[in-house]
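Colleague: I'll drop the sequence and a predicted model, then ask my questions.
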Amino acid sequence: SGRALPGSKARHSERKPASPLGVASHPRDLEGTISLHRDGYAFVTPDPALPSGADVFIPPPFVAGAMPGDRVRVRVRPGSRADRLEGQVVNILQRAHTSVVGIFHRDVRGDYVQPLDARLRERIRISSEGQAKPGKPSRHRVIGDQSRAHTSGDLDGMVVDVELTRFATGVAPAQGRILEVLGRRDDFGVDVEIIIRKHYLPHRFSESALAEAAAIPAAIAEAVLLDRRDFRSLPIVTIDGESARDFDDAVLVRPLAGGHFELQVHIADVAHYVQPGSAIDEDARQRGTSVYFPDRAVPMLPLELSTNLCSLRPHEDRLTMSCLMEIDAEGKIVSHELMPGVIRSAARMTYTQVNAILEGDTALRHEFAPLVAGFEAMAALQKVLYAARMRRGSIDFDLPEPEIAFDEFGLMRSIVKSERNIAHRLIEEFMLAAAETVARHLRAAGAGRAGDPGAPNPAEPQAGGVAQPRQAPRQSIVESVYRIHEQPELKKVLDFEQTAAAFGYSLGLGPLPVKQMRVGGRSVSIPQEGKFRISPRHYQRLAEKVAGKPEERILSFLMLRSLKQARYSANNAGHFALATDCYTHFTSPIRRYPDLMVHRILKSLLASEQPPPDLRSRESLEPKCRRCSEQEREADDAERELMDWKKVRFMEQRLGDEFPALILHANRDGFFVELEDQFIEGLVPASALDDDRYYFRSATQEWIGERSRRRYRLGARLTVRVDRIDPVRMQIHFAPVPAP
């Protein structure tokens, strides 16, 4: 069940500005991972991190042939700006990848491949031994079609996967040989194949993993059930989307006396089937997460597990890790139990069905009559839990999500706002409650083992109904994986406050801590992070103020951009957006490796055993958490890039068409708009503002006409025309349509 948690994904790039304080002014060598930008420059993230948390900026001439993800050594020197470090790559220590996907071309100087990754701007020469010989067939694989053979004369314009036999040096070009011919760019399914390879997503399971999966018996042995709680007689159900195939959570809600509720959340016991160190486990670890494309998924686990043995399919016995909670009328979890279980789902429900039942659909209420009372109890509990979460200050950006319909050729047919109904909301609240309960249990049990007299009891009431002052999160000696979301950076908050003020709004923080300093002969505003305090309630209150107003979309979008990305860590730092000091991911072990790690730790704790060796110490857990965070971001980028590709192809058929749009962002290149009700973004370049001479005012992020005084500012609505499509860079350019 692919559900996004509030504040869990901020889909924007964050580059931390370097404070000049504490940075040596003389050159020094650092090691780290490089990330490239399509304009040629790069950033290196030092490892270990600098005290300021800053990345190192690498100007285009000094990238020295490094590729995205490479581990490099850089020589750092004071930058041309007071607020960042600059450097140059002096050595490439480890290559991240050895293949590139691109388009094959032939010219008089020989064959070459132009990478499809806009960050890789240099051609790759195909060496003579890597060229397809005349008449020699090469595989041409097309999704949804049979494999076909093509001779070398057919390769021009084909998308190919190239193994690099010599890397670019900054002086000499890279060389390579063709590994695979994927097809023409517009062939059905080739776009997914390109994205998979461009983002280096593992997409083929090892023979060992497939053999292990096939060898797992389908029947559950009676001995396995001896130490499990039996829930098979209860009316437990799964609630998912219509197209879902992997069901990793099932729920039951029952009213109790005094306005209390019993909430049962049952999660697929993947850890029972996937043993540490197995081939299946190794493949899952390399993936870190499942990746979901509109017409295809790249699963973390073999299908025999993800859609069969682990999936909580209806009317079949399935093993679970179960979380039972008693919740009072104020939304506090007053007690809980965690245990291995076995369930037999009574029904595979969809969000649409449950929503219709709760809205009074007579036919569905009759069809699922034995379950209706349970659904009504779920709706009642959802209101209680949501109200409690809002009282403690949790942020809930109810931003619309696009839902895309495709035709039989894989082309976009339409984009509409996806429906988020009460069924989505109740599952979201139940998963949040279970994940927070597990996180608190692990933290409390560990602190108790340490002999901490102040350690919380696993069954003590949790903060649900009332807001609590933020305290330093307690750490435990039973280490675990936490989902953390740190306080936003002061600079991001300052930028947002400046923009919000133009709309007449504020987060209500009062005077912000900024100190003026002389750096390099200039006066620079230095944020004083140590004196900076902000709570999620500031965001929540502003979100409530703008709800339903014309500026809601732009301000919600900008608030989200001001927040950090959530990530995994062995160091519990709390979750800012959820307004909780302890949170983890527990409810999706079929598709997320961090959840599987949490399950292993929890099962060891419940059995009074040591966790697997690689999960016992914070030192061993933290690199795994960091890698899982990187894999999550890569999967997000891949999913988003494929959607962008689909949108570009959709708009290619609409050149010259006009659409109402909203300005989301502005810079010196122009401004970015989102088509209203279409969820398609594109650039209105400054060159398209040709009815006047315009200049950019950075303080207010607006373009102003010198003669007409016409203004294009954030949040403004206008009509735009589809002016140009760049399918290689996947960019849509618009031009403003003059008002009548």
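Modeller: That came in fine, so what should we check first? Just so it is clear, the structure is predicted and the values come from calculations on it, not from any experiment.

Colleague: now could you export just the CA positions of the helix or strand where Gly682 lies as CSV?
Modeller: Gly682 is part of strand 681-685 when elements are defined by DSSP states H and E. Provided in CSV are the C-alpha atoms of strand 681-685 (Å, rounded to 0.1, in the frame of the first residue of the first chain):
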residue,chain,number,x,y,z
GLU,A,681,4.8,22.4,-14.9
GLY,A,682,6.9,24.3,-17.4
LEU,A,683,9.0,27.4,-17.9
VAL,A,684,8.0,30.8,-19.3
PRO,A,685,11.5,32.0,-20.3
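
Colleague: could we number from 602 for the rest of this?
Modeller: Understood, numbering begins at 602; the last thing we discussed is strand 1282-1286.

Colleague: wait, Gly633 sits on Asp648?
Modeller: Yes - counting by C-beta atoms under 8 Å, Asp648 is a contact partner of Gly633 at 5.0 Å. The C-beta positions use only the backbone N, C-alpha and C, and glycine is treated the same way.

Colleague: just for this protein, where's the confidence low?
Modeller: 602-628, 679-684, 729-754, 771, 1011, 1047-1078, 1113-1133 (pLDDT under 70).

Colleague: break it into its domains for me.
Modeller: Following automatic domain parsing, the chain resolves into domains at 700-799, 801-1075+1186-1217, 1255-1337.

Colleague: would you turn those into JSON lines with mean neighbour count?
Modeller: Shown next, in JSON lines, are the domains of the chain (neighbours: other C-beta atoms under 10 Å):
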{"stretch": "domain 700-799", "mean neighbour count": "17"}
{"stretch": "domain 801-1075+1186-1217", "mean neighbour count": "18"}
{"stretch": "domain 1255-1337", "mean neighbour count": "17"}
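
Colleague: right, so of those, which gets closest to Lys1092?
Modeller: Of all the domains of the chain, domain 1255-1337 sits nearest to Lys1092, with 14.6 Å by C-beta to C-beta.

Colleague: what's the first-to-last distance across that closest one?
Modeller: This stretch, domain 1255-1337, spans 15 Å end to end (C-alpha to C-alpha, to the nearest Å).

Colleague: that one: how far from the chain's middle?
Modeller: 27 Å (C-alpha atoms, centre = their mean, to the nearest Å).

Colleague: cool, and stretch 1003-1022?
Modeller: Distance, centroid of stretch 1003-1022 to centroid of chain: 20 Å (C-alpha atoms, centre = their mean).

Colleague: quick one: residues in contact with that stretch.
Modeller: 789-790, 792, 895-896, 952-953, 956, 999, 1001-1002, 1244, 1247-1248, 1250-1251, 1278-1281 (C-beta atoms under 8 Å, 6 or more residues apart in numbering).

Colleague: what about that stretch, how long is it end to end?
Modeller: Using C-alpha to C-alpha, the two ends of stretch 1003-1022 sit 15 Å apart.

Colleague: check contacts around Gly1283.
Modeller: So Gly1283 contacts 1252, 1273-1274, 1276, 1321, 1323, 1332-1335 (C-beta under 8 Å, 6+ apart).

Colleague: one more time with 10 Å
Modeller: 1248-1249, 1252, 1260, 1262, 1273-1276, 1321, 1323-1326, 1332-1335 (C-beta atoms under 10 Å, 6 or more residues apart in numbering).

Colleague: for Arg1308, which non-adjacent residue is closest in space?
Modeller: Once flanking residues are discounted, Arg1308 sits nearest to Asp1293: 5.4 Å by C-beta to C-beta, 6 or more residues apart in numbering.

Colleague: does the one you found belong to a helix, a strand or coil?
Modeller: coil (DSSP: H, G, I helix; E, B strand; the rest coil).

Colleague: what of Gly878?
Modeller: Gly878 - assigned by three-state DSSP - is coil.

Colleague: got the contact list for it?
Modeller: 886, 1213-1215.

Colleague: and Ala1171, by the same measure?
Modeller: Neighbours of Ala1171 in contact, by C-beta under 10 Å, 6+ apart: 1076, 1080-1083, 1085, 1198, 1216, 1218-1227.

Colleague: give me the buried entries from those.
Modeller: The neighbour-count test (16 or more other C-beta atoms under 10 Å) applied to the contacts of Ala1171 identifies 1080-1083, 1085, 1198, 1216, 1222-1223, 1225-1226 as buried.

Colleague: what is the most widely separated pair among those?
Modeller: Longest span within the buried ones among the contacts of Ala1171, C-beta to C-beta: Ile1085 and Leu1216, 17.4 Å.

Colleague: how much space between the nearest residue to Arg833 once chain neighbours are set aside and Ala655?
Modeller: Leaving out its chain neighbours, the residue that sits closest to Arg833 by C-beta to C-beta, 6+ apart is Arg945, at 4.1 Å. Counting by C-beta to C-beta, to the nearest Å, the separation of Arg945 from Ala655 is 54 Å.

Colleague: ditto for Tyr1184
Modeller: Tyr1184 is 27 Å from Ala655, by C-beta to C-beta.

Colleague: more crowded one of those two?
Modeller: Tyr1184 (27 against 23; other C-beta atoms under 10 Å).

Colleague: what's the spacing between the more buried one and Leu1043?
Modeller: Distance from Tyr1184 to Leu1043, by C-beta to C-beta: 11 Å.

Colleague: likewise for Pro1337?
Modeller: 54 Å.

Colleague: with Lys1225 instead?
Modeller: Taken as C-beta to C-beta, the span from Lys1225 to Leu1043 is 16 Å.

Colleague: now swap in Gln1279 and tell me
Modeller: 44 Å.

Colleague: please apply the same query to Thr921.
Modeller: The value you get for Thr921 to Leu1043, if C-beta to C-beta is used, is 18 Å.

Colleague: cool, and Ala1036?
Modeller: 11 Å.

Colleague: and Glu905, by the same measure?
Modeller: Counting by C-beta to C-beta - Glu905 and Leu1043 are separated by 30 Å.

Colleague: next: Gln695.
Modeller: To Leu1043, Gln695 is 34 Å away according to C-beta to C-beta.

Colleague: include distance to Ile1135 when you put the domains of the chain into TSV, please.
Modeller: Compiled in TSV, the domains of the chain are given as follows (distance: least, C-beta to C-beta, whole Å):
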stretch	distance to Ile1135
domain 700-799	34
domain 801-1075+1186-1217	10
domain 1255-1337	22
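
Colleague: can you check which of those domains gets nearest to Asn1172?
Modeller: domain 801-1075+1186-1217 (8.7 Å).

Colleague: end to end, how far does the closest one reach?
Modeller: End-to-end distance (C-alpha to C-alpha), domain 801-1075+1186-1217: 30 Å.

Colleague: stretch 807-827 now?
Modeller: For stretch 807-827, the end-to-end distance is 33 Å (C-alpha to C-alpha).

Colleague: residues contacting it, please?
Modeller: Contacts for stretch 807-827 (C-beta under 10 Å, 6+ apart): 805-806, 829, 833, 870, 873-876, 879-885, 887, 902-907, 909-911, 917-920, 941-943.

Colleague: can you tell me which of those are in strands?
Modeller: 918-920, 941-943 (DSSP state E).

Colleague: can you list the buried residues in the longest helix anywhere in the chain?
Modeller: Longest helix in the chain, counting residues (DSSP state H): helix 1219-1253. Residues 1222-1223, 1225-1226, 1228-1230, 1232-1237, 1239-1240, 1242-1252 are the ones in helix 1219-1253 that count as buried (16+ other C-beta under 10 Å).

Colleague: could you check the angle strand 1282-1286 makes with it?
Modeller: 70 degrees (axes from the mean of the first three to the mean of the last three C-alpha atoms, to 10 degrees).

Colleague: Thr1181 against Arg1044, yeah?
Modeller: No - using C-beta atoms under 10 Å, Thr1181 is not in contact with Arg1044, being 11.4 Å away.

Colleague: how about the strands of the stretch 1002-1151 of the chain, start to end?
Modeller: According to DSSP state E, counting those that start in this stretch, the stretch 1002-1151 of the chain carries its strands in the segments 1003-1007, 1013-1018, 1083-1085, 1115-1120, 1123-1128.

Colleague: next up, the contacts around Val793.
Modeller: Listed by C-beta under 10 Å, 6+ apart, the contact set of Val793 reads 744, 783, 804, 892, 894-897, 899, 1011, 1239, 1243, 1246.
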